[in-house]
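Chemist: fold the following.
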Amino acid sequence: MNPVRVRFAPSPTGALHIGGVRTALYNYLLAKKTGGTFILRIEDTDQTRYVPGAEEYIMEALQWCGILPAEGPGIGGDYGPYRQSERKDMYGQYAQQLVDNAYAYYAFDTAEELSAIRAEYESRKEIFRYDSSTRTSLKNSLTLSEDEVKQRLESGVPYTIRIKIPKDEEISFDDLVRGRVTFSSNEVDDKIMLKGDGMPTYHLANIVDDHFMKISHVIRGEEWLSSTPHHVYLYRFLGWEDSMPQFAHLPLILKPTGKGKLGKRDGAKFGFPVFPLSWKGASEEDSFEGFREFGFDPEAVLNFLAFLGWNPGTEQEIFSLDELAEAFSIERIGKSGAKFDYEKAKWYNQQYLMAKTGQELAETVKPLLANKGYQAEDTYLAKVCELLKERIGLLPEILEQGYYFFEAVKAYDEKTIRKRWQPERVTLFNQLADQIRDTQPYISAELENTIKSFINNSGLKFGEVLPILRIAISGTMQGPSVFDMIEVLGQREVDSRLRTAYSSFDTIKSMN
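Modeler: Now for the predicted structure:
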């Protein structure tokens, strides 16, 4: 068996959609499982759609996810160059070869002429296709005389080269996800192979590159299934059918409703990311936040994406990248679309965050801390992360839910204060504050002993004391153990917060 060689071949036309990341992931997993090679190829033949910065975005996104190509732009390899725009000279000869062997033809129809024909068809509520049923009535080398074609070519009349799809044939191929797939050639149009600017279309460049890069498997989205007959014909017409790669067309990633493909603007609509990293477009409408900026761990994103269309056949849900590769098989990819479940994505993220140490989380949170204008020593930040990691689904929530670890309490839970605070007990609570301040060593276990001893000696109940302490130091009834919070905040800060809070509680109570 030949070595597995797979490629991820995005076009640099904007931000990389999360569906593209899943495609890259499945290719990567197959290569990793089989000891094969994962290649990045940039398909930039359509210069009209090229977006500056998009190629760099793609590379950064793959780097962040940990899906690292073995060959590609900036990486090297024996089959480069890996940008199609740098391979332009080789495509023309294969387009010409198709023409010379009567598998393609020159088409001289202008864009305006084709638009007029389409409009005429639409007026009859019909759809125009440039195919075996219409090409004999159009302006191409099949209908013009040999002399006229020669004259047009020599005088520089613009033309395209179109593939000549046979009439009344069945074209079949085996898809590793969908089984045997058959199309009628009468449903397949004569797509352009070489454009007027001399650049190839996706279809020709894709086949030439896959052949010369020795690609063994083409794993791509379902939207390319209808183009595969063209590709099968190209392999046949170019004499490469024996080395044609195996195809696997992945199911769609659907909107959370299950209706329709998840689009790039659905993130803004539903309130979740659909890109790995943030993207700043030409307008606000084309600018998006990414999974990274939302606070996702890249391993959690990959784990989540792997299950959008594939399952291991077991109950296991949490997989490292190595474990995913070991368990992965194309045979377990489903045919049906997979709904994008954002709550499930957050669940995955929570599992990964909980599994990290506070120190590991602190390294990731540091940039967020700086953006908020907070300052904290590494050791302190690690302790805060350790306390909060089981209570968050996204990294920024450490600074949102636990803001009180980095600044004074902004507001107190007034409902609980009105219910539980008794101003006449302020002397008792000041005594408790003294005892907490004097606890040695100032650690959670000793602080718990101090506070429980006070409760027993004061005649108060736990429900009359602990909520007061919790709200005094954090403002809320939510959060980790009050004893742990006191330890992390530290002796001086806690003492100051308790004294300040009691005065505020009196004010709140008086407003009741």
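
Chemist: contacts for the helix or strand bottoming out on mean pLDDT in the chain?
Modeler: Ranked by mean pLDDT, DSSP states H and E, the weakest helix or strand in the chain is helix 266-270, scoring a mean of 85. Helix 266-270 has contacts (Cβ atoms under 8 Å, 6 or more residues apart in numbering) with 255-256, 273-275, 288-289, 342. For the C-beta atoms, the positions are set from N, CA and C on the backbone; glycine is no exception.

Chemist: could you redo the last one with a cut-off of 6 Å?
Modeler: For helix 266-270, the surrounding residues in contact (Cβ atoms under 6 Å, 6 or more residues apart in numbering) are 255, 273-274, 288.

Chemist: do stretch 283-303 as well
Modeler: By Cβ under 6 Å, 6+ apart, the list of residues contacting stretch 283-303 from outside reads 25, 64-66, 267, 273, 275-281, 319, 348-349, 352, 394-396.

Chemist: list buried residues within those.
Modeler: Buried members of those, counted by 16 or more other Cβ atoms under 10 Å: 25, 64-65, 267, 273, 275-279, 319, 348-349, 352, 394-395.

Chemist: give me the below-cutoff pLDDT ranges for this protein.
Modeler: In the predicted model, the chain carries pLDDT under 70 at residues 1, 512.

Chemist: again, only this time at 80
Modeler: Scanning the chain for pLDDT under 80 picks out 1-2, 512.

Chemist: quick one: the strands in it?
Modeler: Ranges of strands in the chain, per DSSP state E, are 5-8, 37-40, 104-107, 160-163, 170-175, 179-184, 192-194, 217-221, 246-250, 253-254, 338-339.

Chemist: and the first one, how far from the chain's centre?
Modeler: Looking back up the chat, that one is strand 5-8. Put simply, strand 5-8 sits 18 Å off its chain's centre (Cα atoms, centre = their mean, to the nearest Å).

Chemist: repeat that for the third one.
Modeler: Mean-position distance between strand 104-107 and its chain equals 40 Å (Cα atoms, centre = their mean).

Chemist: now for that strand, which elements pack on it?
Modeler: strand 160-163 (3 or more Cβ pairs under 6 Å, 6 or more residues apart in numbering; DSSP states H and E).

Chemist: quick one: contacts of the strand it packs on?
Modeler: 95, 104-105, 107, 190-196.

Chemist: stretch 131-141 now?
Modeler: Against stretch 131-141 from outside (Cβ under 6 Å, 6+ apart): 105-109, 142, 149, 167, 189-190.

Chemist: switch those residues over to TSV; also include distance to Arg135 and neighbour count.
Modeler: Shown next, in TSV, are these (distance: Cβ to Cβ, whole Å; neighbours: other Cβ atoms under 10 Å):
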residue	distance to Arg135	neighbour count
Tyr105	8	21
Tyr106	12	19
Ala107	8	23
Phe108	12	19
Asp109	10	19
Leu142	6	16
Val149	14	19
Lys167	10	11
Asp189	10	19
Asp190	6	22
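
Chemist: and the residues you listed, which of them are in helices?
Modeler: Assigned to helices by DSSP state H, the following of the contacts of stretch 131-141 qualify: Val149.

Chemist: let me have the contacts of stretch 131-141 in JSON lines, extended by distance to Leu16.
Modeler: Output for these, formatted as JSON lines (distance: Cβ to Cβ, whole Å):
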{"residue": "Tyr105", "distance to Leu16": "36"}
{"residue": "Tyr106", "distance to Leu16": "36"}
{"residue": "Ala107", "distance to Leu16": "33"}
{"residue": "Phe108", "distance to Leu16": "37"}
{"residue": "Asp109", "distance to Leu16": "35"}
{"residue": "Leu142", "distance to Leu16": "40"}
{"residue": "Val149", "distance to Leu16": "42"}
{"residue": "Lys167", "distance to Leu16": "39"}
{"residue": "Asp189", "distance to Leu16": "29"}
{"residue": "Asp190", "distance to Leu16": "31"}
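
Chemist: pull the most distant pair out of the buried ones among the contacts of stretch 283-303.
Modeler: For the buried ones among the contacts of stretch 283-303, with distances taken as Cβ to Cβ, the pair at the greatest spread is Trp279 and Phe319 (27.8 Å).

Chemist: now the strands of the chain as a markdown table including distance to Glu493?
Modeler: Formatted as a markdown table, these follow (distance: least, Cβ to Cβ, whole Å):
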| stretch | distance to Glu493 |
| --- | --- |
| strand 5-8 | 50 |
| strand 37-40 | 50 |
| strand 104-107 | 77 |
| strand 160-163 | 73 |
| strand 170-175 | 63 |
| strand 179-184 | 66 |
| strand 192-194 | 70 |
| strand 217-221 | 53 |
| strand 246-250 | 53 |
| strand 253-254 | 47 |
| strand 338-339 | 46 |
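
Chemist: Ile330: which of those strands is closest?
Modeler: Closest approach to Ile330 among these is made by strand 246-250 (5.2 Å; Cβ to Cβ).

Chemist: mind listing what's buried along the closest one?
Modeler: If you call a residue buried by 16+ other Cβ under 10 Å, then strand 246-250 has these buried ones: 247-250.

Chemist: chain center to it: distance?
Modeler: Centre to centre, stretch against its chain (Cα atoms, centre = their mean), the figure for strand 246-250 is 20 Å.

Chemist: could you do stretch 427-441 as well?
Modeler: 51 Å.

Chemist: do the same with stretch 191-202
Modeler: With Cα atoms, centre = their mean, you get 30 Å for stretch 191-202.

Chemist: buried stuff in that stretch?
Modeler: By neighbour count with 16+ other Cβ under 10 Å, stretch 191-202 contains the buried residues 191-195, 199-202.

Chemist: ditto for stretch 420-436
Modeler: By neighbour count on 16+ other Cβ under 10 Å, the buried set for stretch 420-436 is 420-421, 425, 428-429, 432-433, 436.

Chemist: kindly list the longest helix within the protein.
Modeler: As assigned by DSSP H, the longest helix anywhere in the chain is helix 491-510.

Chemist: what helices or strands is it leaning on?
Modeler: Against helix 491-510 (3+ Cβ pairs under 6 Å, 6+ apart) you get helix 414-420, helix 426-438, helix 462-474.

Chemist: can I see the domain layout of this structure?
Modeler: Residue ranges for each domain of the chain read 5-82+252-345, 85-250, 356-405, 414-510, as given by automatic domain parsing.

Chemist: need the distance between the two termini of the first one.
Modeler: Read it as domain 5-82+252-345. In domain 5-82+252-345, first residue to last residue: 30 Å (Cα to Cα, to the nearest Å).

Chemist: do the same with stretch 173-186
Modeler: Start-to-end span of stretch 173-186 (Cα to Cα) is 16 Å.

Chemist: could you check that stretch and say which residues are buried?
Modeler: By neighbour count with 16+ other Cβ under 10 Å, stretch 173-186 contains the buried residues 173, 175-178, 181, 183, 185-186.

Chemist: before we move on, what about stretch 376-385?
Modeler: Neighbour counts over stretch 376-385 (16+ other Cβ under 10 Å) mark 376, 380-385 as buried.

Chemist: just the closest of these to Gly475, please.
Modeler: Using Cβ to Cβ, Val384 is the member of the buried residues of stretch 376-385 that sits closest to Gly475, with 15.6 Å.

Chemist: can you put the buried residues of stretch 420-436 in TSV and add distance to Val218?
Modeler: Below are the buried residues of stretch 420-436 laid out as TSV (distance: Cβ to Cβ, whole Å):
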residue	distance to Val218
Arg420	66
Trp421	68
Arg425	74
Leu428	75
Phe429	70
Leu432	70
Ala433	69
Ile436	66
